[in-house]
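> okay, here's the prediction I keep looking at, along with the sequence it came from:
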Amino acid sequence: MSTMRGAAAYGRGAGAYARVGVESGVMSASPHQLIVMLFDGAQGAIRAARIHMQAGNVAEKGKSISKALDIVNNGLLAALDTEKGGEIAERLGSLYDYVSRLLLAANLHNDQESLDQAEQLLEDIASAWREIGVTGAQG
């Protein structure tokens, strides 16, 4: 086997291993942990978008922002239960909508400030969410 084939096979194997690890983490996670994972994923995508934006890599910046938007809209926003969550869920929904608009503006105008603001808002919510988990685990 050539060195290139070996490296490609290793890369595929490592990718499969990582997917299994992620899938295992998701399968064993509580609903609270799943939301934390969504926040982590969105923040990671925003950090990647920032790096691509600074490097002038427009296509990869767009992919990273799209990933963050997908997580915010189809993960965090979709997970809200307005019947049980009431006003808090509605306010979070409005906040997630605002974060989405910031991410779209960041992508459209290469606006790092909008990207930073979206990341900070998600971090504020995520840190509160993590604190709820710590308090719940102790209580």
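Now that the structure is in, tell me what you want to look at. Numbers count the residues shown, from 1 in each chain.

> residues touching His109, list them.
Not one residue lies near His109 by C-beta atoms under 8 Å, 6 or more residues apart in numbering. From N, CA and C alone the C-beta is placed, and that goes for glycine too.

> the residue sitting nearest the centre point of the chain - nearest residue in space that isn't next to it in sequence?
For the chain, the residue sitting closest to the mean C-alpha position, by C-alpha atoms, centre = their mean, is Ala42 at 1.4 Å. Counting by C-beta to C-beta, 6 or more residues apart in numbering, the nearest residue to Ala42 once its immediate chain neighbours are dropped is Ile71, at 4.2 Å.

> my read is that Gln117 contacts Leu103, right?
No: when contacts are counted by C-beta atoms under 8 Å, Gln117 is not listed as touching Leu103 (9.7 Å).

> quick one, helices of the chain?
3-28, 31-55, 58-71, 82-109, 112-138 (DSSP state H).
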